[in-house]
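K.L.:
Fold the following for me, if possible:
(2 chains, ligands or ions: 2)
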Amino acid sequence: MKVRSSVFASFILLFEVIGIALFLRGFFPVPVKSSFSSKSKLSDLPAEPVSGSSPNSSRIPQPLFKRVVIMLVDALREDFVFGPSGRMYMPYTRHLVERGSSHSFVAKARPPTVTMPRIKALTTGSIPGFIDVVMNLNSPALLEDNLIWQAKTAGKRIVFYGDDTWVRLFPKHFMEYDGTTSFFVSDYTEVDNNVTRHLDSTLKRDDWDILILHYLGLDHIGHISGPHSSLVQPKLLEMDDILKKIHSALILKEAEGSLPYLLVLCGDHGMSETGSHGGSSEPEVNTPLVLISPAFKRKVGMEKPQVVEQVDLTSTLALGLGLPISQNNVGHVIPGILEESSLRDQLRFLHLNGHQLSCLLKDSVTDYEKETGYEQFRVAEKAHGSWMKLYLEGNTSEVLTNMGKKVLKQYLEALAAMSSALSRQLGKYDMYSMVAGMILVLQLLLVLLLAMPEALSSAAAVDLPVFSALLSLPFYLLCLLLASVHVLVCTSAESSCYFCSLSWGLVFVAVIFSSALFCIMVSMATRRLPLGAKIHGKTFDYSYQTGLLFYFMFYVLKTSPLRSTGSEWSLSELDLLLLAGTVGHTLSLAASSFVEEEHQTWYFLLSTLCLAVFQDVCRKYFREQSGSGDGDEHLLPSKDCRPSAHPKAEICSEKWLALATPPFILLCCRLLRSLNQTGVQWAHIPDVGHWLNSSEHKTVLSLLAAFCLVLIYLLVQRRCSMVSKVALALGLLGVYSYRAAVGNVLFPWQHSDRTMSKGTVEARFVYVFVLGILFTGTKDLLRSQIITVDAKLKSRGLWEIYSGLVLLVSLLFRAHNLPILCCCLLIQMLMAQFIWKNLHYDAAQTTIMHYWFGQAFFYFQGNSNNIATVDISVGFVGLESYIEAPAIFLTALSTYAGPLLWACHLVCYLSSDTDRSTVAVGHGCYCLALLRSVPAVAYIVLVTSLRYHLFIWSVFSPKLLYESMHLLLTAAMCLFFITMEQSNSSSY
Amino acid sequence: MWDQEIRAMASTHAIIAASVFMATVLPAVLVPGFSVYGTHLLWLYLVSGAVTATSVAVFWLLGITPPTKKHTLGYKLSRLFRSCLYFFLSCLFFHTVVVLYGAPLIESALETFSLAVLLSSLTTLRCLCVLGPNVQAWIRVFSRHGAMSVWDTCLQITVACTVVGAWVGAFPIPLDWDRPWQVWPVSCSLGAMFGFLTGLVAAPAWIHYHRKQLTYKCK
Ligand SMILES: [Zn+2]
Ligand SMILES: [Zn+2]
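P.N.:
Residues are numbered from 1 along each chain as shown, chains lettered A, B, ... in the order given. Ligands and ions are numbered 1, 2, ... in the order given. Alright, predicted model coming up:
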């Protein structure tokens, strides 16, 4: 079956997207969530189990505590309190731990050990997965069932002072609050004084039930100078003093007869040896948890603190305050807290917790009945019922107490088992789905690579041996084998994996597809290899040495249409650089630092590319001048000195312009990279973007934005029709007035006291022109395709679509990023005019260069491989409120604006070049697909092998999401290529 | 017929490499507190000085430097002046390129310039020694198939090795290992130095093994 190479590449990409989706489903543990979005209510609580009699009460035991003070010290490490230096750091706390009526534990936090997910974990009792953090970017308020909501609903009055993350998560939940931003990390005194200044007055008052304090100073000290800095001790002593103050105030308040207080000292996460956090190393994960209450027994000496999960605090607090446990809680109550209450109450508490956990287990695990914890809980519940029956009958014998103790033990075991089953559900990779996705993607990549010589041949078509593969015996054997493997894996694995839960029909299709791919791959490989050896016999042994990948990559350059066809392999320096850069970048993704600082790799490669191009240009023009009569073979295969009708002067000026282009581009790139500082290590360095955005430089920013918009107009309009020109001009004016309305830039005739608006009208005004331009472009394209075969009309239509995209992007880009768009257009114009055409770079080389520029521009915009740099505010441009579909579309478009603009320009460039447009678009599409697939697939393999790496959640997973998104967009881009090629082939 | 030339080249290179070695080891023995990382700029200037001095001396003694047409003192002085000017311009050129590659513009400008000096003394100086201050000849040598003698090929190889070495040397900078050699510009200058030494070894070896294939057009 013969397929055009663009169609082939697009289909491969589409299937890769499916494979990666399967992989992602297996890689990101789906958060354990109950299927009901409602919240636990008091009325829904289960009745106390009593066997035999029906009218059993749904009585809730008395709350254990009246008043709770939670003192959360950000980044408090376990050894700051319990370690050998704890006595020096926090003497009073240590005294309470050793001699006071307290319970101390080491609470394990789950990664990502970052403040917001930790606060969520502490309040909901669930373990927010990484994907949760990503998905909740747009809704800051916590909508899930949580402790704070439960407390507020139950009429508790909550007071909060500290990190304003809480205020954002729980708006309108607090009776009184004062949030401190943690924006200025260098400040570690003011943030804490902001919290402490309210303390005296609040402690004197009586009108609150829960007081939450979140101290940030220690975390900031950690970020500045690490856990061993001299600043740590004074800060901890300060914290200790505050704890002492709270404790003595609570003791004073303590009244006879009423319920006792509870004082909780905890940390949200620890800090690593360098003072940062986010990962899963021991010092980051272990936090202290000290519970102080007169209800507890007095301690007699330092014991080694027990290890609990951080989320266990949630259910403990909920039960202690007499609140329903929030629905998604996976923690189990800390048994030590219940010690002093009656046996009946203790059992009831455990029963409530167990019931909640079993409900969650039912919702999130398919075969929950097989879970040991669930069975144990059923047994314990029954025993509880019979114990209650005896108890209610008035039996008070020793036997009953012992029986109660036994039930208690059963409950505790069941709770622990269910809790760990639920957490296991979270922390486990679904390896089977991951491997299935990975195999699919690897097969696709291999087929893509094997098809290279054909896809880049002058026919630009790939001959896929589909029918012979489908009729071969190995295909059926392979189908059988894969199906049996699937059955074997799915029946043996006790866990539920996603791939197994798919319907049989889908799995069957996948099995057939995979085995067919394998057969196609093998038959293509056997067809290819002797051919390769025959043609390039001289270099074949060499390619074995350098490895398969290199061999294929050489093929890209070798078989591209305009390269010399001689048997001598002459890779120019540029080819070598393009090859080494692509391979080197892919390999660099294995190191977390290179992922964090990926922009440096691209900037570096881009600078080198400019220098290599410069060398080529120099060679071309100086060779021509000094001695083109030498007669030795030219660097460039096609004829350099074709008879031209240009006058001499024009050639001369063209020469100097061409010579000036690469240095100019280098300069542009250098300026652009100082516009937005991204990455991790050098992100703190002040950049031009911040300078421009500060209010005193608003005039400069306005002038710059206006200048850029004018330049954009001048660069884009030259190839548009009259209508689009007008629309573009009006649209760009609209962009400026939108920025002025939002308050980014100044209007010359604007009164300074104008109220800030959302600029919805202005943005919609621009959208109208964007749609208009896109419509004109599409119309021109369709006309060129259907009515008249006109290459000129087609290229104009394409360019109009491109300019529509440019207009949209200029609306979405922040004002200080407009120079990026401007430079992008300028570089594209210069390169197209003087470099790509004059130096006769072929489609493959041009595509690789476009791809590199696209990647660099992605980072010039200020993006990084961290989710935090995605500018979500773009999703609101021109919208009154958050609407999901357009918001996601706009955000994706503005984030990937750089790569998309360059890919779009590639289509325009390749199809406008009339000499070779028949195949160039196909070649470009194939190369783009290859360039995107190689790093994406390699990255999937890397991530799988690094899945227990320390930085898997903080560094590698966000990058995985970026890679998948980019692959998806490239697939869409390739579909656009197909339509372009279709119209093309029909015109010939 | 080139055996003699190759032997001369090898011994020249050995002398230059020895001078680099001495410039690193001698101060380490004599000057207290000297280390390649710690007092990097000192090491850098010592090495460039040593390479400059030995190259000039050796190439002048060997007579590889193209003979001057006129023997007047004025002409010689103008050649010397032009050489110095070219050397300085090449320092500026390297400095510009390194800044364009992303080195900070104002901050650590001295370090950047020192790297440029090192690169110039490893590459430009050799060109000056072998080809003289003659831009046409430089362009000829560095275009494809432009080498006209063994020394031209040798020049191509060493210059390419040095530049590639400095280029590769930039790679470890983003790694978060916090090693002393990751500080700007230590890794780059070390890379350039290693590249240069590799070039010194590789050039005679390569020419030796390819002496059958090498054909030079006569002037
Ligand atoms: Zn924190
Ligand atoms: Zn922090």
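K.L.:
how about the residues of chain B near chain A?
P.N.:
Residues of chain B found near chain A (CB under 8 Å from any CB of the partner chain) are B:97, B:99-102, B:136, B:139-140, B:143-145, B:167, B:170, B:173-176. The way it works is simple: take the backbone N, C-alpha and C, and place the C-beta from them, glycine included.
K.L.:
Just the buried ones from those residues?
P.N.:
When the residues of chain B next to chain A are checked for burial by 16 or more other CB atoms under 10 Å in any protein chain shown, the buried set is B:97, B:99-102, B:139-140, B:143, B:167, B:170, B:173-175.
K.L.:
Turn those residues into a markdown table, including pLDDT and distance to residue A:585.
P.N.:
Converted to a markdown table, those look like this (pLDDT from 0 to 100; distance: CB to CB, whole Å):
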| residue | pLDDT | distance to residue A:585 |
| --- | --- | --- |
| B:97 | 93 | 21 |
| B:99 | 92 | 23 |
| B:100 | 92 | 20 |
| B:101 | 90 | 16 |
| B:102 | 86 | 16 |
| B:139 | 79 | 32 |
| B:140 | 80 | 35 |
| B:143 | 74 | 29 |
| B:167 | 92 | 15 |
| B:170 | 90 | 14 |
| B:173 | 87 | 16 |
| B:174 | 85 | 13 |
| B:175 | 83 | 15 |
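K.L.:
Can you list the buried residues in the helix or strand encompassing residue A:19?
P.N.:
Here residue A:19, judged by DSSP states H and E, is contained in helix A:5-27. The neighbour-count check on helix A:5-27 (16+ other CB under 10 Å) flags A:5-20, A:22-27 as buried.
K.L.:
same deal with stretch B:23-40?
P.N.:
Here stretch B:23-40 shows B:23-24, B:27, B:34, B:36, B:40 as buried, counting by 16+ other CB under 10 Å.
K.L.:
which one among those residues gets closest to ligand 1?
P.N.:
residue B:40 (38.4 Å; CB to the ion).
K.L.:
Find the closest residue to chain A in chain B.
P.N.:
Chain A sits closest to residue B:174 of chain B, with a gap of 3.9 Å, by CB to the nearest CB.
K.L.:
List the residues that contact that residue.
P.N.:
Neighbouring residues of residue B:174 by CB atoms under 8 Å, 6 or more residues apart in numbering or on different chains: A:593-594, A:596-597, A:600-601, A:679, A:681.
K.L.:
If we use 6 Å, what do you get?
P.N.:
Applying CB atoms under 6 Å, 6 or more residues apart in numbering or on different chains to residue B:174 gives the contacts A:593, A:597, A:600.
K.L.:
Could you find the closest non-adjacent residue to it?
P.N.:
residue A:597 (3.9 Å; CB to CB, 6 or more residues apart in numbering or on different chains).
K.L.:
ok, and what's touching the worst-scoring helix or strand of chain B on mean pLDDT?
P.N.:
Sorting the helices and strands of chain B by mean pLDDT, DSSP states H and E puts helix B:135-141 at the bottom, at a mean of 81. Residues from elsewhere that reach helix B:135-141 (CB under 6 Å, 6+ apart): A:622, B:127, B:131, B:146, B:152.
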